[in-house]
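Participant: Generate a structure from the sequence data that follows.
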Amino acid sequence: MKTLTLESLTEPGVEALGARIAGTLFPGAFLALFGGLGAGKTTFTRALAAALGISDAASPTFTIVQEHEGTLPLFHFDAYRLASADELYAIGFDDYLARAGVIIMEWCENVPEALPRERLELHLAGSGMEPRAATLAAYGARYEAILETLEGFPA
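Facilitator: The predicted structure follows:
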């Protein structure tokens, strides 16, 4: 596992991070988002989605998953209301993993046993108008390569 920590990210910085990572993604990529309410998970996701040509990304809290068509298909999961990974698998999570899209999942702390072995994690800390700290953890060579493209971010 390789990590990268970014300090003092403003909301525009979180958006820039999402847009930058979008350009490095590949079919089957999995992004696991961690952080409390207001940490910037949805802000990051909207910016990533916009960079993939998707203009209507919103948090799927009540529907659990939303599908979007862009330069890569995006499957946006929100595990906030899930009590276990079993609930995630009951809605066809395995099928989404098998498709050639990007999966981004908010509230992964609720279903850690469902996360694939290879993935990119984004841990956001902070909320409100205060700057955020972001730690990215890459599990697998393809995700480590993504972190390498972020060296020196946000410059």
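Participant: Give the other helices and strands that the helix or strand of the chain with the lowest mean pLDDT contacts.
Facilitator: Here the helix or strand of the chain ranked lowest by mean pLDDT, DSSP states H and E is strand 65-68, holding a mean of 89. Packing partners of strand 65-68 (3 or more CB pairs under 8 Å, 6 or more residues apart in numbering; DSSP states H and E): strand 74-78. (Glycine included, C-beta is placed from N, CA and C.)
Participant: name the helices or strands packed onto the strand it packs on?
Facilitator: Going by 3+ CB pairs under 8 Å, 6+ apart, strand 74-78 lies up against helix 41-51, strand 65-68, helix 93-98, strand 102-106.
Participant: Highest mean neighbour count out of the ones you listed?
Facilitator: Among the helices and strands packed on strand 74-78, the stretch with the highest mean neighbour count (mean count of other CB atoms under 10 Å) is strand 102-106, at a mean of 25.
Participant: Convert the C-alpha atoms of that one to PDB, please.
Facilitator: Written as PDB, here are the backbone C-alpha positions of strand 102-106 (Å, rounded to 0.1, in the frame of the first residue of the first chain):
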ATOM      1  CA  VAL A 102     -15.900   3.200 -12.400                       C
ATOM      2  CA  ILE A 103     -17.300   2.600  -9.000                       C
ATOM      3  CA  ILE A 104     -17.200   5.400  -6.400                       C
ATOM      4  CA  MET A 105     -18.600   4.600  -3.000                       C
ATOM      5  CA  GLU A 106     -19.300   7.000  -0.100                       C
END
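Participant: contacting residues around the least confident helix or strand of the chain?
Facilitator: Residues outside strand 65-68 that contact it (CB atoms under 8 Å, 6 or more residues apart in numbering) are 49, 52, 54, 56-58, 60, 73-78, 91, 96, 101.
Participant: so which of those would you say is closest to Ala29?
Facilitator: Checking the contacts of strand 65-68 against Ala29 by CB to CB gives Gly101 as the nearest, at 8.5 Å.
Participant: how close does Leu122 sit to Ile103?
Facilitator: 13 Å (CB to CB, to the nearest Å).
Participant: try Glu69
Facilitator: 14 Å.
Participant: re the thing from before, partner strands of the least confident helix or strand of the chain and their direction?
Facilitator: Using DSSP bridges, the strands paired with strand 65-68 in its sheet are strand 74-78 (antiparallel).
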